[in-house]
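Student: Give me a model of this one.
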Amino acid sequence: MNDHLDQQLDRDRTALAGRLAVPELLDGAFALVLNEGQCPGWAGLFVPVGGLRVCGYLWVPGQLVLNVLDSLQRLAPGEFPNIRRHQPFRTGGEPFARIEWGAEPPCEAATAGFMLGYHPDGVRMFAAERPYGVAAPATESRS
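Tutor: Sure, this is the predicted structure:
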């Protein structure tokens, strides 16, 4: 893995540790790194459901969706129940898709934050970054 992707995963882990009501869920997190095609490098931190966390999602570059789904099903079977692709979203001409697992997250950010297993302050931070809900990727953090 390259330094940029390592740093990205470290930032994601730190942000989630500060939001999760049960940060120990990160012990079961799955870091996935893909290096292909038009994405010179992509990394995502997938946190399984458990405890208060009944769902999860991550925005993925559109061209990597099938690889991400396949990798998670092969490398972490059963860890991400009901894993699926949600809807595409376009920003700056690059298509993204939301990969979801567990229960379907609602569009309203505060409710989604509780379903993601965040503590009350974590829910407030999450909702503040997403004034339009979870239908589009946030500019800074990932879930």
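Student: how about residue 27, secondary structure?
Tutor: Classification of residue 27 using DSSP: H, G, I helix; E, B strand; the rest coil returns helix.
Student: Measure how buried it is and give me the count.
Tutor: Neighbourhood size, residue 27 [other Cβ atoms under 10 Å]: 8. The C-beta positions use only the backbone N, C-alpha and C, and glycine is treated the same way.
Student: okay, and the helix or strand of this structure with the least pLDDT?
Tutor: strand 84-91 (a mean of 69; mean pLDDT, DSSP states H and E).
Student: Next secondary structure element downstream of that one?
Tutor: strand 94-102 (DSSP states H and E).
Student: Tell me the buried residues in the next helix or strand after that following strand?
Tutor: With elements assigned by DSSP H and E, the helix or strand that comes after strand 94-102 is helix 109-115. Across helix 109-115, burial judged by 16 or more other Cβ atoms under 10 Å covers 109, 110, 112, 113, 114, 115.
Student: in terms of contact count, name the helices or strands touching the helix or strand where residue 9 lies.
Tutor: Using DSSP H and E, residue 9 falls within helix 3-17. If you count contacts as 3 or more Cβ pairs under 8 Å, 6 or more residues apart in numbering; DSSP states H and E, helix 3-17 packs onto strand 39-46.
Student: Report the inter-axis angle for the strand it packs on versus strand 94-102.
Tutor: Put simply, strand 39-46 runs at 20 degrees to strand 94-102, going by axes from the mean of the first three to the mean of the last three Cα atoms, to 10 degrees.
Student: Next one: residue 141, what pLDDT does it get?
Tutor: Residue 141 is assigned a pLDDT of 46 by the prediction.
Student: And residue 39, by the same measure?
Tutor: 61.
Student: and if you look at the one 3 residues further on?
Tutor: At residue 42, the predicted lDDT confidence score is 82.
Student: Regarding the nearest residue to it once chain neighbours are set aside, what is its secondary structure?
Tutor: Closest residue to residue 42 apart from its sequence neighbours, by Cβ to Cβ, 6 or more residues apart in numbering: residue 34 at 5.1 Å. Secondary structure, three-state DSSP: residue 34 is strand.
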